[in-house]
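**Student:** how would this look folded up:
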Amino acid sequence: MGGFQTRETNSPYNKKVGYHRLTEVVGFSFNPETLRWGYRFSPWREERGLFYKAFSLGEGRAFMAFLGRMEGEWHIRVSGRDVDENMALEEVGRTLGGREDLVSIAELSGEDPVLSRALEELPGYRLKSTPYLHEALFSAIISQNVSREGFFKMLNEFKELLGVKVEADGYVDFVFPPLGKLRAIEPSVFSDGRLAYRASVIRDIARKIGDDFFAELGSDPASGIETLTKLRGVGQYTARATLLYGYRAYEVPVADRYILKMLASLYSDFDSRDASGLDAFARDRWGEYAGYVIDLLIAWSQKNGR
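**Tutor:** Here you go, the predicted structure:
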């Protein structure tokens with residue numbers, strides 16, 4: 001049986017204490033099943049009817065968040081020692097776009113049949129941001145020029161070797177490693193040569209930037225892109241992904257080969273051969289939500305096997 005099991009006497013979920021309706025945490029009707037789709041730079045795991053993910057509030061305060069159904073409704077539960085439950089719930093809600101008002105996207109769909117279909121077929125979708133700003137940058141570096149499956153495999157290996165292990169109720173996940181640990185990476189520990197190279201790039205960037213580097217990076221997306229692309233190993237794709245998935249800068253569209261092909265298949269007036277035209281195309285149609293809408297269309301396309 002999937003979801004939170006509240007009837008089994010030996011189950012860790014045999015009491016309702018600590019469970020919260022998901023709508024009370026995120027403030028809208030979010031569908032956790034949509035966690036399977038979209039660009040996921042900090043993916044949730046799924047097992048036995050539960051979605052779960054490790055988080056950290058710093059200073060050793062790691063916890064596991066669980067999303068599951070109970071009595072037909074989605075609930076959330078957090079588990080961790082010396083962790084303030086309210087702070088933990090707020091952290092999870094933030095990564096899921098908690099309490100954001102996206103009515104404007106529904107309004108945009110009135111003039112965009114493709115967007116309208118995506119919203120209709122993927123209700124309760126939200127962009128998933130990374131819990132930590134540096135995680136967006138370095139996960140995007142790991143994802144460069146590799147398939148989705150290859151990215152997840154490398155990301156898992158990276159986190160398992162360097163991240164913080166969190167165990168709760170028989171589930172295991174890893175928090176993305178902090179900047180300090182990334183500065184001490186020894187690339188040779190990775191068996192995959194592609195990951196070893198990416199690890200060396202990550203280490204060099206982590207050593208070059210200060211702890212306050214990310215503090216103001218998202219205040220001006222155009223300036224943020226310029227700052228990021230000055231770093232070795234960071235191009236337009238990685239810089240834009242950092243701002244969209246780290247800072248929730250919804251106006252920043254991300255482009256790669258998959259996105260260009262996807263848009264060309266959905267919109268007859270978009271030329272996938274002209275990557276330089278993506279910004280104008282996306283912003284003319286979707287304005288300040290250009291990046292968000294592209295992420296939604298990615299999720300919709302993935303769900304439909306495209």
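**Student:** make it CA atoms for all contacts and neighbour counts henceforth
**Tutor:** Noted.
**Student:** what ranges do the helices span in the protein?
**Tutor:** Listed in chain order, the helices of the chain (DSSP state H) span 22-26, 85-95, 103-108, 113-121, 133-142, 148-162, 179-182, 193-208, 221-228, 236-247, 257-266, 278-286, 290-303.
**Student:** kindly reformat those as TSV containing mean pLDDT.
**Tutor:** Conversion of the helices of the chain to TSV gives the following (pLDDT from 0 to 100):
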stretch	mean pLDDT
helix 22-26	91
helix 85-95	95
helix 103-108	92
helix 113-121	97
helix 133-142	98
helix 148-162	97
helix 179-182	96
helix 193-208	98
helix 221-228	94
helix 236-247	97
helix 257-266	95
helix 278-286	95
helix 290-303	97
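**Student:** from the ones you listed, which stretch is densest packed?
**Tutor:** Mean neighbour counts were taken over the helices of the chain using mean count of other C-alpha atoms under 10 Å, and the top value, a mean of 25, falls to helix 236-247.
**Student:** burial measure for E73, as a count.
**Tutor:** Residues lying near E73 (other C-alpha atoms under 10 Å) number 11.
**Student:** thought it was touching T23?
**Tutor:** No. In this structure E73 lies outside contact range of T23 using C-alpha atoms under 8 Å: 9.6 Å.
**Student:** show me this structure divided up by domain.
**Tutor:** According to the domain assignment given by automatic domain parsing, the chain is divided into the following structural domains: 20-96, 105-128+250-306, 129-237.
**Student:** would you turn those domains into TSV with distance to L243?
**Tutor:** Listed next are these as TSV, based on distance: least, C-alpha to C-alpha, whole Å:
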stretch	distance to L243
domain 20-96	12
domain 105-128+250-306	7
domain 129-237	6
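**Student:** re the thing from before, make TSV out of the helices of the chain and add distance to P43.
**Tutor:** Compiled in TSV, the helices of the chain are given as follows (distance: least, C-alpha to C-alpha, whole Å):
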stretch	distance to P43
helix 22-26	18
helix 85-95	11
helix 103-108	24
helix 113-121	21
helix 133-142	11
helix 148-162	8
helix 179-182	19
helix 193-208	18
helix 221-228	23
helix 236-247	12
helix 257-266	19
helix 278-286	26
helix 290-303	13
